[in-house]
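In: Structure, please.
(chains A and B)
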Amino acid sequence: MAKRLLFVIFSLFTVHCSLIKAQSDTSVVRQLEEVEVKASTPAFSFLSASPVQSLSADKLEKLNALLVSDAVKYFSGVQVKDYGGVGGLKTVSIRSLGANYTTVAYDGISLSDYQTGQIDLGRFSLDNVEQIGLTTGGDNDIFQPARNQALSGVIRITSRTFVPTETKRNEWHAGLKTGSWEMYNPSVAYSQALNRSFVLSASSEYLRSKGDYPYQLGQEHRKRNHSEVENWKSEINLKGTFQTGGKLAVKTVYFNSDRNIPGAAISGYNYVGENMRDRNLFSQANYTQAISNKWQFQANAKFNHSVMDYSSELYPHFDNRYDQQEYYLNAIALYKVSERLSFSWANDGIYGQFKNVKKNLTPARTTWLSALAGKYETSIFTANASLLNQYIHESTGKDRQHLSPYIGLSVKPLRNLPLRWRLYYKNTYRLPTFADIYYPNLPNTKLKPENAHQYNTGLTIVAAINEYIPYISLSSDVYYNRVENKIIARPISSLALLSVQNYDDVEIKGIDLNLTLQLRIAAGFSAEINGTYTYQEALNKGNGLLLAYTPRHSATGFASLKMSWLDVSYQFIYSGNRYYNETPRLEYLLKRYIDQGISLTKIVGWKDYRLHFSAECLNLLDVQYDVVRSYPMPGRSFRFGIKFNY
Amino acid sequence: MKRKRKFLKGLFYLLVLTMGWSACESDPDPLIPVDPPFSLKGVFILNQGQNDMNNASLSHYDPETGSIYTIPFESALGDVGQDILVYGNKLYISVSNSSYIRVLDVTTKKAIKDIPLLDNQNNMRNPRYLVSCLGNVYVSCVTDGTVARIDTASLSVTGNVKVGNFPEGITFCPFNSKIYVANSGWGTGNTISVINPVTLTEEWKMDVGQNPNIIKAGDDAYLYLSYQGDFGDIPGGFQRIDVRDNSVKNLSDYPKADFTLSGNHIYFYDVTYNPLDWSMELLFGKFDITGNFNAYHSIITDKTNIVSPYGIAVNPISEDVFIADAIDYVNPGKVYIFNPEGKKVDELNVGIVPCKIVVY
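Out: Here you go, the predicted model:
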């Protein structure tokens, strides 16, 4: 333990202080409105015992990011497993724990997938997104559903909200993005104030891409054929505050996706004609009510239904339908003992059913989560602790129960130095997914859950140095993770058979660094620089070898220059050498790469009308690389966008 | 040098054994001038690679020098190497997901040609197992349920015949000059197809165990067949087919997958999965085909730990047994060589998922 703690040295992370940014931003009125909404976020991240990173809409606009997964790549400690192209699966692993340890919360409520337990972040475009946040560890906000506290990290997608004023009762957005390989992405959104506080909004978005980008296989020049994607997403929101002070937010989302799966890029023949169609409908409601100065109450409910149809033109034998349903209910009580001390008790009930139509398998899982959390917070000290109880009943397996503790501390050790030190431990209990259990010809019902321990310590400094450097933040975190009973799927006996088994323990050590620097060079001329660096070592304790697909070094960065007539930004993603298995031999090497891009954005305004123009060049140097072996990433491409806001 | 000595020692033992003497433990003179006319040229080891990883590879082992290396190719071997066959001076490699047969010159070890196996709509056929006879190579194609005939002079497909669904193992029976192919039905099949290799027609289908896998013909009228069952309620097993009366006899509960015939013996490994947690029970042995199949002889007598046996072959001269270990199916595997006494004599580092060994 002492050795592990020795490994842990210092740390820091990005605090996105919208307030300062808004002050440096003289041209945009809309930005000022957002300040009110977002002002609480930076305070939270600075005080938090767990690292928090976030990207707000104005930054997202400069990132050459179309999908949520594109943006998440700019967080430190994150690996996006990207199968390439718009339609390729994109899942997020935080600190090499695996995608199953990441909660993705859409406006506060978790998304779920009972089949794989992994959320495809490529499904979500950034069109209607206000902010994306990543909390690694536990949340400083204890007024949270237990489910959001259950895994090792949370990616929060916060959608844009219209705040009506006396004079402005509705809001319009319409946009079109188009780019290489026949990419079209029109979108429209409308918000209307119903009365003094309730707003009804609707948005719809279409995304199509042929995605037949060129790539190189050995000496051969090829195209990524059969990779067309067509997505439709529609969303209706009702949000407002009752006269009693109760806040209600109701959301219904329908998502339809038709995808051709291009398959692996291999020698010889490549077409198998696999297609996937996803249909997903979910409705969620959140209600928050302050009962007194001391008591607050929150309830969440969600219904989710999704159907995935898989078909193969070559192997109709394997055509199948996967059906999932989920019902979710949650209630949270928050009791403020004093300004400093508060407690919360969250209870979640989740019923999820998965159906493999062809095999006629219908496993179901009922999960009861209870989290008791406490927080003590002053301006120089924060202490968080929670205990999460999981009780899981499975229709085909035995019942399971587990207690997961979380404890976090954050201290400002010196009165005059804007420096914060933090420390946390979190335990996560990861159940096998239905795919883990039922993937093989016969279910492995003896599969044990994974048990993960996260230890983290870090430092953050946030400062305004002078009028030329109005904002700088530096953060660094050092972490140690241990996963017991890692669940791994491997083929056996023939490639047609997969076995899913508990393998050895996995040990992950790493360092995350984040830097944000704002520069005001002259009036109407400012710059912002963001950088992240991750060092990690993920070890399979069984054979003593480093895990596949985990580069020791990775880094990202983006810099934007704001000028009165044009904004220019540059961004890069770097990944060091990795191996696609655990054997460090040249033949299994995935070479390091740097993917760079530039974008130009221009906003033209007249009264309340805004026109945003953007031009992006992605993978500027046309670097050929794979994130996942045999799934080439696109080379150089271009994207143009126009967006109208009122 | 040490390995060379070992090989010479092996040959010496062999000479001694064939002369009917009992093996003695004294060291042979290392300078014995042995240059037998029937010497082996080498051993090809096909490494299947991982599905979708395009990393099949071919290793070559020289038993005389003990050297092992990966044969370099200008363009990658492809995705999922399934089977290899030496016929004439050519090596045929079926690369299943890439859907071609790569042909190599055995002497130069250079690729001569990739023969694509595509159907009328230009779709992949997924070649699986290979067999040679009458100047042709026949290959089972799993996707369209066919057997393709490749002319070894022109190196092109000269005909196809429809068989059952998902054909796997294939063999030629010299006794009646027929080809037999196992119709696995992706686990649900229970027939083998009998093919006339000259007219390239399917004559009839014979009922066998569920999920037939590997079929091999002996020098006589017998065919040996392993079948896998469904890895659950229906167990796999081992059968013998007498082509004279087409009778099928159940011989044993194992092997259920790969085996090899050499001399009077069937060498095999067997893996039984416990369907509750996928733990494995391993067997390594040989049956005397002239005896009964109630008991087998061990072919590993030392403490060598093989994790995931995935291929087996026998050096017909030294009777050394090669066993491929895929280990974890992700990292490079190994091939172990055992002498006839079942003691490990060598351990070769090969590619990912070694699956097929051919001694030529």
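
In: and the one residue in the stretch 251-400 of chain A that gets nearest to chain B, helix, strand or coil?
Out: Scanning the stretch 251-400 of chain A for the residue nearest chain B gives A:G268, at 3.1 Å (criterion: C-beta to the nearest C-beta). Where you see a C-beta, it was placed from the backbone N, CA and C, and this is true even at glycine. State at A:G268, reduced to three classes by DSSP: H, G, I helix; E, B strand; the rest coil: coil.

In: Local confidence estimate at it?
Out: A:G268 carries a pLDDT value of 91.

In: In contact with it: list those residues for me.
Out: A:G268 sits next to B:G78, B:D79, B:V95, B:N97, B:S98, B:S99, B:Y100, B:D114, B:P116 when contact means C-beta atoms under 8 Å, 6 or more residues apart in numbering or on different chains.

In: which among those are in contact with chain A?
Out: Contacts with chain A within the contacts of A:G268, as defined by C-beta under 8 Å from any C-beta of the partner chain: B:G78, B:D79, B:V95, B:N97, B:S98, B:S99, B:Y100, B:D114, B:P116.

In: secondary structure class for the fourth one?
Out: Here B:N97 is coil, with the state taken from three-state DSSP.

In: Count the neighbours of it for me.
Out: 28 (other C-beta atoms under 10 Å in any protein chain shown).

In: and it, what are its phi and psi?
Out: phi -70, psi -30 (degrees, to the nearest 10).

In: Contact partners for it?
Out: Counting by C-beta under 8 Å, 6+ apart, B:N97 makes contact with A:A264, A:I266, A:G268, A:Y269, B:N51, B:D52, B:G78, B:D79, B:V80, B:M124, B:N126.

In: got it, and the first one?
Out: Contacts for B:G78 were tallied using C-beta under 8 Å, 6+ apart; they are A:I266, A:S267, A:G268, B:N54, B:A56, B:V95, B:N97, B:S98, B:Y100, B:R102.

In: before we move on, back to that, from B:M124, how far off is the nearest residue to the residue of the stretch 251-400 of chain A closest to chain B once chain neighbours are set aside?
Out: Excluding its sequence neighbours, the residue lying closest to A:G268 (C-beta to C-beta, 6 or more residues apart in numbering or on different chains) is B:S98, at 3.1 Å. For B:S98, the distance to B:M124 equals 8 Å [C-beta to C-beta, to the nearest Å].

In: Spit out the residues that contact these two alike.
Out: Each of A:Y269 lies in contact with both B:S98 and B:M124 under the rule C-beta under 8 Å, 6+ apart.

In: I'd like the mean pLDDT over stretch A:387-396, please.
Out: Here the average pLDDT along stretch A:387-396 is 92.

In: Any buried residues in that stretch, and which?
Out: A:L388, A:Q390, A:I392, A:E394 (16 or more other C-beta atoms under 10 Å in any protein chain shown).

In: Ok, stretch A:477-484 next?
Out: By 16+ other C-beta under 10 Å, the buried positions in stretch A:477-484 come out as A:D477, A:V478, A:Y479, A:Y480, A:N481, A:R482, A:V483.

In: I'd guessed B:D258 sits against B:F268; true?
Out: Yes. B:D258 is within contact range of B:F268, at 7.3 Å (criterion: C-beta atoms under 8 Å).

In: which regions of the stretch 151-300 of chain B sit below the pLDDT cut-off?
Out: Scanning the stretch 151-300 of chain B for pLDDT under 70 picks out B:275-277.

In: please redo it, this time with the cut-off set to 80
Out: B:231-232, B:273-279 (pLDDT under 80).
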